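Colleague: A structural model of the following input is requested.
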Amino acid sequence: MKRFVLLLVTVLIVTLGSLSAEERGAFGGFGYSGAVVLWHSDMSGLNSALQSAGYQPLSQFDYAYGGGGGAIINNFYIGGWGYGDVIKLQSDNSTNSNYVKKTYGGGGFDFGYLLLGNDRLIVIPTAGFQWGGNIVEIYNATPTSTTFSGLLANPGNMTTVESNDYSLSLSLQTGIMFGQVGIYTRIGYLFTPVETWEISGYSGNLTGAPSTGIHSVFVSAGVVFGGREKSMHYRMDERKE
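Modeller: I've put the predicted structure just below:
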């Protein structure tokens, strides 16, 4: 549900931004989809907790899928994006039947400036705000019961732990255009000073939660649609000169 809301917000930002650009005679806008995101973050704290309990460490790399876009208004850019994991990272416990699966999703807003824009290339450095979260599901492969009524009385074979993080982002977005369609790339950095953990369905606090690191980097690539156009006023000034 959280990922759906984030992606819905992204779509609304792109739609409203594009409409605003058209009304004000702005330079244009674009949207991208099918973007694959490669993420690297410091999970040494989480892996230490896993290994001390007999689990295998998780990879420092995560893979996500998402989309987004925005509007370019007088060379200023405003947009948003959202993403979620492609696969769940899994950690097995070598001493029993327990295992852990981790997924991640997030989204955010970007503000930037059109550094370079022509018919073939768009370059936009951006800064923004992003929020996201980890979902860590701890399973026992042996159910507490094989009857439905027994599971209702004592489900006991899965616990879901969630973290919410809030980050500041810096990124460089580029589009190599072939008409109104092109190749989108993005490289970025996140600084995450705030992270909170909770047990899903439980109102109390989770204590002793590991940190997943305050620094992370990512790269993304996908298909972009749209482009940049000069306003009519700008064209008229060019002809006069």
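
Colleague: Any regions of this protein where pLDDT drops low?
Modeller: Within the chain, the segments meeting pLDDT under 70 span 1-27, 227-241.

Colleague: in it, which spans are strands?
Modeller: Secondary structure of the chain, counting by DSSP state E: strands at 28-41, 61-73, 76-85, 89-92, 98-113, 116-117, 121-140, 158-178, 181-199, 215-228.

Colleague: Name every strand pairing with the longest one and say which way it goes.
Modeller: Looking back up the chat, that one is strand 158-178. strand 121-140 (antiparallel), strand 181-199 (antiparallel) (DSSP bridges).

Colleague: report the angle between the axes of the longest one and strand 76-85?
Modeller: Between the axes of strand 121-140 and strand 76-85, defined by axes from the mean of the first three to the mean of the last three C-alpha atoms, to 10 degrees, the angle is 30 degrees.

Colleague: how close does Ile214 get to Ile187?
Modeller: 19 Å (C-beta to C-beta, to the nearest Å). In this view, the C-beta of every residue, glycine as well, is placed from N, C-alpha and C.

Colleague: any idea which of the strands paired with strand 158-178 is most buried?
Modeller: Highest mean neighbour count among the strands paired with strand 158-178 (mean count of other C-beta atoms under 10 Å): strand 121-140, with a mean of 19.

Colleague: and it, C-alpha only, in PDB?
Modeller: This file holds the C-alpha atoms of strand 121-140, laid out as PDB (Å, rounded to 0.1, in the frame of the first residue of the first chain):
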ATOM      1  CA  LEU A 121      20.500  15.900 -24.600                       C
ATOM      2  CA  ILE A 122      19.000  17.100 -21.300                       C
ATOM      3  CA  VAL A 123      21.200  17.500 -18.200                       C
ATOM      4  CA  ILE A 124      19.600  18.500 -14.900                       C
ATOM      5  CA  PRO A 125      21.300  18.500 -11.500                       C
ATOM      6  CA  THR A 126      18.800  18.200  -8.600                       C
ATOM      7  CA  ALA A 127      18.500  18.400  -4.900                       C
ATOM      8  CA  GLY A 128      15.500  17.100  -3.000                       C
ATOM      9  CA  PHE A 129      13.800  15.300  -0.200                       C
ATOM     10  CA  GLN A 130      13.100  11.500  -0.100                       C
ATOM     11  CA  TRP A 131      11.400   9.200   2.200                       C
ATOM     12  CA  GLY A 132      11.300   5.400   2.200                       C
ATOM     13  CA  GLY A 133      11.300   2.300   4.300                       C
ATOM     14  CA  ASN A 134      12.600  -1.200   4.800                       C
ATOM     15  CA  ILE A 135      10.300  -4.100   5.500                       C
ATOM     16  CA  VAL A 136      12.100  -7.000   7.300                       C
ATOM     17  CA  GLU A 137      10.000 -10.200   7.500                       C
ATOM     18  CA  ILE A 138      11.200 -12.800   9.900                       C
ATOM     19  CA  TYR A 139       9.800 -16.300   9.100                       C
ATOM     20  CA  ASN A 140       9.800 -19.600  10.700                       C
END
